[in-house]
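A.B. asks: sequence unknown, structure follows:
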Ligand SMILES: [Zn+2]
Ligand SMILES: [Zn+2]
């Protein structure tokens, strides 16, 4: 998403308020794909600084992810405060101003990836999946014997069963 900042650059005004809804389909990160429920809302203020602008504000989004234990889909609210600089000259740390506008898509992606939880649970008491049949134990029960046989006992059993 592009935001025009001509007035700031030529000194016609000192600040600009931003309040936008952005639709990002998905963000790929470390082989995880994050999808969003509804638009991502970004708002804040752009202030003129030497050689550019500083953008201070807040991002709110609902990110869809899965429970690390039972793999059920869950939606997490993200609320992220940020402060980033956009410079006319290339800067390793900041973002670059293009002609008379800034593109805030990367800023949004970067801040979401920094704040998205890597492991999430649908609830602290999630029972997870049965390791044998895969039943979601929050929703139903199964009759699997989940007491796995100790491999040392398995050897002993085979020893006695010889011939
Ligand atoms: Zn769960
Ligand atoms: Zn089972």
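C.D. replies: Sure thing, it's come through. Computed from a prediction, not measured in an experiment: that's the story for all the values here. Ligands and ions are numbered 1, 2, ... in the order given.
A.B. asks: C-alpha only now, for contacts and for neighbours.
C.D. replies: Noted.
A.B. asks: and the gap between the most centrally placed residue in the chain and ligand 2?
C.D. replies: For the chain, the residue nearest the mean C-alpha position is residue 116 (3.3 Å; Cα atoms, centre = their mean). Residue 116 is 32 Å from ligand 2, where distance means Cα to the ion, to the nearest Å.
A.B. asks: and what of residue 83?
C.D. replies: On the measure of Cα to the ion, residue 83 and ligand 2 end up 49 Å apart.
A.B. asks: so how many other residues sit close to the residue lying closest to that residue once chain neighbours are set aside?
C.D. replies: Nearest non-adjacent residue to residue 83, counting by Cα to Cα, 6 or more residues apart in numbering: residue 56, 4.3 Å away. Close neighbours of residue 56, defined as other Cα atoms under 10 Å, add up to 17.
A.B. asks: which element is residue 56 on?
C.D. replies: Per DSSP states H and E: residue 56 is located in strand 52-66.
A.B. asks: Name every strand pairing with that strand and say which way it goes.
C.D. replies: Using DSSP bridges, strand 52-66 pairs in its sheet with strand 32-36 (antiparallel), strand 40-49 (antiparallel), strand 73-87 (antiparallel).
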